[in-house]
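>>> Give me the fold of what follows.
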Amino acid sequence: MSFRTPHSSHPLILDDVRGAQKMLSGVARMTPMEGSRHLSHLVGAPVHLKCENLQRTGSFKLRGAYVRISGLRPEERAAGVVAASAGNHAQGVALASSLLGVRSTVFMPVGAPLPKIAATREYGAEVRLHGHVVDETLAAAQEYARETGAVFIHPFDHPDIIAGQGTVGLEILEQCPEVRTIVVGTGGGGLVAGIAVAVKALRPDVKVIGVQAEAAAAYPPSLSAGLPLAVDTGPTMADGIKVGRPGDVPFAIVEELVDEVRTVSEDALSSALLLCLERAKMVVEPAGASPVAALLSAPETFQGPVVAVLSGGNVDPLVLQRILRHGMAAAGRYLSLRLRLTDRPGALATLLGVLSVVDANVLDVGHVRTDPRLGLTEVEVELHLETKGPEHCAEVASALRDAGYLVIG
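Residues are numbered from 1 along each chain as shown. You can find the predicted model right below:
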């Protein structure tokens with residue numbers, strides 16, 4: 001069955017995705033789909049999480065990489081493959097190559113997280129560290145391909161990659177046939193394009209919505225202009241979808257088939273990651289949590305049942321710790337205060353007693369005694385507290401003021 005019209009500008013049809021699904025049988029897992037009671041309550045309709053964070057290598061990337069490498073000619077396989085990635089694509093290419101008996105070289109940035117470097121090596125790739133940003137790493141990989149004849153495996157800008165990622169869409173329709181909206185994190189566009197090809201062919205009534213980080217959102221201006229545009233990307237915790245320019249192949253599909261591309265803030269991303277961990281018991285990287293961030297940002301705008309694709313779970317533990325703190329602060333679960341009190345024995349104990357009464361958990365206390373702004377007998381105390389939410393934060397601040405403390409901020 002083909003859904004492509006004579007006016008379609010992209011090279012993929014449903015049969016391509018179905019062929020990829022057969023190729024991936026026994027290789028990629030059909031990842032589970034879990035309901036979310038909390039998100040369902042917010043949206044006012046059932047919300048399900050498609051858990052690609054539980055896929056082999058921890059993300060959907062294995063699907064496209066395996067299909068792409070499987071399609072190489074014998075002489076191309078003999079030359080080996082090369083890729084550039086800070087994490088998920090690297091691991092997908094490494095495992096796919098090992099399963100197919102193809103030599104792989106993966107270029108990664110010098111600052112790539114050590115767990116991702118180790119995992120890529122363990123999956124069988126030769127890892128070369130080059131450059132401090134992905135663009136430098138990408139250039140090195142392409143130069144290696146020119147010098148050695150190795151086949152460069154692009155992370156999203158190839159029909160075979162997109163067909164492999166589209167198998168996620170076929171699984172969604174099988175696992176949740178009543179779905180009305182699918183929400184997908186979007187960087188270069190390979191995953192959302194593949195899902196759209198599969199889903200729109202079988203269920204054109206289903207909305208497919210892409211989600212990008214505000215600091216790295218190339219699709220909205222590109223869609224407005226009608227062609228892929230390069231944008232300057234800012235810092236974002238969602239490094240997995242930090243792409244400065246849409247791929248040519250996925251852009252044509254997104255432009256034709258994807259209903260909408262939204263953006264989400266850093267606060268929404270960290271809150272989404274925290275929600276996935278606390279409520280769904282899912283370890284998800286910020287890029288993988290971007291669909292949940294979109295649901296949290298505007299829950300009333302989604303028609304259910306909704307499927308949010310958790311596209312990856314490869315997050316460095318140290319980064320996860322920082323993001324969780326950011327998410328708790330955004331959710332009103334952390335409170336930082338500075339206040340002044342008289343520098344005398346027992347003053348700090350009295351202050352902590354007030355906090356104990358209002359059930360605020362003290363995480364850290366800092367003293368400043370030598371600031372010229374302070375009086376001779378004054379000390380400034382900086383407090384970092386764990387609280388129960390915005391209302392509790394207000395209660396803590398009010399209790400301190402009622403006790404006579406000058407709360408500076």
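
>>> Please name the bridge partners of the nearest residue to A217 once chain neighbours are set aside.
Nearest residue to A217, sequence neighbours excluded (CB to CB, 6 or more residues apart in numbering): T263, at 4.7 Å. Every C-beta, even on glycine, is put in place using the N, C-alpha and C of the backbone. Beta-bridge pairing for T263 (DSSP bridges): Q212.

>>> so T263 makes contact with A218?
No. In this structure, T263 is not within contact of A218 by CB atoms under 8 Å, at 10.5 Å.

>>> list the contacts for the residue nearest to A217?
By CB atoms under 8 Å, 6 or more residues apart in numbering, the contact list for T263 reads 211-214, 217, 220.

>>> mind running it again at 6 Å?
Shown in contact with T263 (CB atoms under 6 Å, 6 or more residues apart in numbering): 212, 214, 217.

>>> how close does it get to L49?
21 Å (CB to CB, to the nearest Å).

>>> Provide the secondary structure category for L383.
Judged by DSSP: H, G, I helix; E, B strand; the rest coil, the three-state class of L383 is strand.

>>> so it bridges to which residues?
Going by DSSP bridges, L383 forms beta bridges with L337, V365.

>>> what's the spacing between it and A94?
L383 is 46 Å from A94, by CB to CB.

>>> quick one: low-confidence ranges for the stretch 51-200 of the chain?
133 (pLDDT under 70).

>>> Swap in 90 and give it another go.
85-87, 109-116, 131-139 (pLDDT under 90).

>>> Please enumerate the helices of it.
With helices called from DSSP state H, counting those that start in this stretch, the stretch 51-200 of the chain shows them at 61-70, 74-79, 88-100, 114-122, 134-148, 159-175, 190-202.

>>> Could you name the stretch from those that's closest to L351?
helix 114-122 (40.8 Å; CB to CB).

>>> what helices or strands is the closest one leaning on?
Judged by 3 or more CB pairs under 6 Å, 6 or more residues apart in numbering; DSSP states H and E, helix 114-122 is in contact with helix 88-100, strand 126-129.

>>> what sits up against that helix?
87, 90-91, 94, 106, 127, 316.

>>> same thing but 8 Å
The contact list for helix 114-122 (CB under 8 Å, 6+ apart) reads 57-58, 86-87, 90-91, 94, 106, 108, 127, 129, 314, 316-317.

>>> Then L49 would be within a strand, right?
Yes. Residue state for L49 (three-state DSSP) corresponds to a strand.

>>> Mind telling me what element the nearest residue to it once chain neighbours are set aside is part of?
Take L49 and drop its neighbours on the chain: the residue closest to it by CB to CB, 6+ apart is E34, 4.9 Å away. Assigned by DSSP states H and E, E34 belongs to strand 33-35.

>>> count of neighbours near T137?
25 (other CB atoms under 10 Å).

>>> and it, what does it touch?
84-86, 107-109, 130-131.

>>> now do E143
Not one residue lies near E143 by CB under 8 Å, 6+ apart.

>>> likewise A272?
A272 is in contact with 264, 286, 289-290, 292-293, 295-296, 327, counting by CB under 8 Å, 6+ apart.

>>> The residue nearest to N361 when sequence neighbours are not counted and L363, how far apart?
The spatially closest residue to N361, leaving aside those adjacent along the chain, is E386, at 4.1 Å (CB to CB, 6+ apart). E386 sits 6 Å away from L363, going by CB to CB.

>>> Likewise for G26?
Counting by CB to CB, the separation of G26 from L363 is 48 Å.

>>> Excluding residues flanking it in the chain, which one is nearest E378?
In space, E378 is closest to R340, 5.2 Å off (CB to CB, 6+ apart).

>>> and the residue nearest to L49, how many neighbours does it have?
15.

>>> Correct me if wrong: it contacts C276.
No. Using CB under 8 Å as the test, E34 is too far from C276 to be in contact (10.3 Å).

>>> Common neighbours of the two, please.
What both E34 and C276 touch, as defined by CB under 8 Å, 6+ apart, is the set 49, 282.

>>> rewinding a little: ramachandran coordinates for the residue nearest to N361?
Note on E386: backbone dihedrals following degrees, to the nearest 10 are phi -100, psi 130.

>>> Give me the pLDDT for it.
Listed pLDDT for E386 reads 83.

>>> Kindly report the same for the one 4 residues further on.
Here the pLDDT value assigned to P390 is 83.

>>> same deal with the one 3 residues further on?
Reported pLDDT at C393 in the predicted model: 83.

>>> Relative to L348, how far out is A238?
From A238 to L348 the distance is 40 Å (CB to CB).

>>> Among the two, which residue is more densely surrounded?
A238 (28 against 15).

>>> hang on, the earlier thing: now that we have the contacts of T263, which one has the most neighbours?
Neighbour-wise, the contacts of T263 (other CB under 10 Å) top out at Q212, 28 neighbours.

>>> That concludes my questions; thank you for your assistance.
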